[in-house]
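1. 3D model of this:
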Amino acid sequence: MRMSSDSVGADAATPALEVKNLCVSTGRKRDKGRQLLDGISFKLMPGEALGVVGESGSGKSLTSLAILRLLPRGLSVDAGEILLGGVDVLAMSARDLRQARGRKFSMVLQDPMSSLDPCFQIRSQMREALQNVVSASGKSRREIDEICEDLLQRVRMPEPDVVLRKYPHELSGGMRQRVTSAIALSGGPDVLIADEPTTALDVTTQALYLSMLKQLQISTGFSLMFISHDLLLVKQMCDRLIVMYAGQVVEEGPLGEVLASPQHPYTRALLRSIPKPDVDAELFPIDGYPPDPAAYPPGCRFAPRCAHARDACDGGVPDAAPRSASGHVARCIGTADGGWVA
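-> Residues are numbered from 1 along each chain as shown. Alright, predicted model coming up:
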């Protein structure tokens, strides 16, 4: 049961989250500095799970921080819109933004130890979070603790009453990540951003956590933006896929369609670099390194590493062109018919 009665994006036709032409750079707005995000655009519909993949430094986490207006000092949004149920996040006052975080959109970070304070019990940290997203006026401490226990039960935490009395260092990595997920879901957000939430978990714990997260999404109906460098994890969790490279979205579309028929050489390279269990197959690493934001290539940013690049690829940054009627787009001048797909 959702803990928030108000809902952003209740109309199924309105995206729960829409990002339009988002640009983020270093330095002040007037001198722009290095362009870290360049024209990021996508939609996340109510109840949908959207995967975001790409190498380290592609802009995945930076996009999520920009959405919540949590950019590190020294970075700024130069252009674009971030619409949460049709409301522009960038135009929100500080008060409205505080009310929206947790209630409207929330985030699970990579490392739970960086999210939890080692000096306080889990009970204290969950109570503080609930005060920001749930009206606690008139409720006794015991009633608030019962809400905390219920939240921990929702994320399948064993012995939640015992866990509330523990400190973060007394919990395993999987348990700490469940605590941060319970806090993120405490306000019944319409949009949950999970930024590589399984990075610090072993394989078995990872599988259990992902199963729990998927079941919660199905039961509560929140929209999920799942960020990962692992395409296999995204395949388990998501309906649609965004592939990012060098601060741009280079391919987007229905998950099955993108995986079955990738229309950008970078997406294909990512798929070919995945180890295949029980198959004696050669691995195909991606040669080279992502470009420095201070010295992007004049055309396609993947061209220096692309085995199918030709002179036309240096003629200008390609637009994201439609590849099917289902919303599959790719930022590449080549096509499957054009000969680059082997």
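
2. is the residue nearest the centre of the chain in a bridge, and if so with what?
-> The geometric centre of the chain, computed from its C-alpha atoms, lies nearest to Ile227 (CA atoms, centre = their mean), at 3.6 Å. Taking DSSP bridges as the rule, Ile227 bridges to Val52, Asp195.

3. give me the pLDDT value at it.
-> Model confidence at Ile227, expressed as pLDDT, equals 96.

4. start the count at 44 instead of 1 going forward.
-> Okay, residue one is now 44; in that scheme the one you just asked about reads as Ile270.

5. give me the contact list for stretch 172-192.
-> 46-47, 141, 144-146, 166, 169-170, 203-204, 207, 225-226, 229-231 (CB atoms under 8 Å, 6 or more residues apart in numbering). In this view, the C-beta of every residue, glycine as well, is placed from N, C-alpha and C.

6. can you give me the strands for the stretch 44-193 of the chain?
-> 60-69, 78-87, 92-96, 118-127, 130-131, 148-151 (DSSP state E, counting those that start in this stretch).

7. for the first one, packing partners?
-> Counting contacts by 3 or more CB pairs under 8 Å, 6 or more residues apart in numbering; DSSP states H and E, strand 60-69 is packed against strand 78-87, helix 103-110, strand 118-127.

8. need these in a markdown table (columns: mean pLDDT and distance to Asp193).
-> Formatted as a markdown table, the helices and strands packed on strand 60-69 follow (pLDDT from 0 to 100; distance: least, CB to CB, whole Å):
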| stretch | mean pLDDT | distance to Asp193 |
| --- | --- | --- |
| strand 78-87 | 94 | 27 |
| helix 103-110 | 95 | 27 |
| strand 118-127 | 94 | 26 |
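
9. Val301 is nearest to which of those?
-> Val301 lies closest to strand 78-87 among the helices and strands packed on strand 60-69, at 13.2 Å (CB to CB).

10. skip the chain neighbours and tell me the closest residue to Gly296.
-> Nearest residue to Gly296, sequence neighbours excluded (CB to CB, 6 or more residues apart in numbering): His371, at 3.2 Å.

11. my read: the one you found touches Leu302, true?
-> No. Applying CB atoms under 8 Å as the test, His371 and Leu302 come out as separate, 11.1 Å apart.

12. and the two? Which one has more around it.
-> Taking neighbours as other CB atoms under 10 Å, His371 and Leu302 compare with His371 leading, 19 against 15.

13. so who does the more buried one touch?
-> Listed by CB under 8 Å, 6+ apart, the contact partners of His371 are Glu294, Glu295, Gly296, Pro297, Glu300, Val301, Gln306, Pro365.

14. please flag which of those residues sit within helices.
-> Glu300, Val301 (DSSP state H).

15. for the stretch 244-385 of the chain, which segments count as strands?
-> 266-270, 283-288, 291-297, 364-365, 372-373.

16. what's the fourth one in contact with?
-> In this case it means strand 364-365. His371, Val372, Ala373, Arg374, Cys375.

17. ok, the last one next?
-> Strand 372-373 is touched from outside by Val293, Glu294, Glu295, Gly296, Gln306, His307, Thr310, Ala363, Ala364, Pro365, Arg366, with contacts defined as CB under 8 Å, 6+ apart.

18. pull the distance from that strand to the chain's centre.
-> Taking CA atoms, centre = their mean, to the nearest Å, one finds strand 372-373 lying 19 Å from the centre of the chain it belongs to.

19. parallel or antiparallel, which strands does it pair with?
-> Short version: by DSSP bridges, strand 372-373 pairs with strand 291-297 (antiparallel), strand 364-365 (antiparallel).
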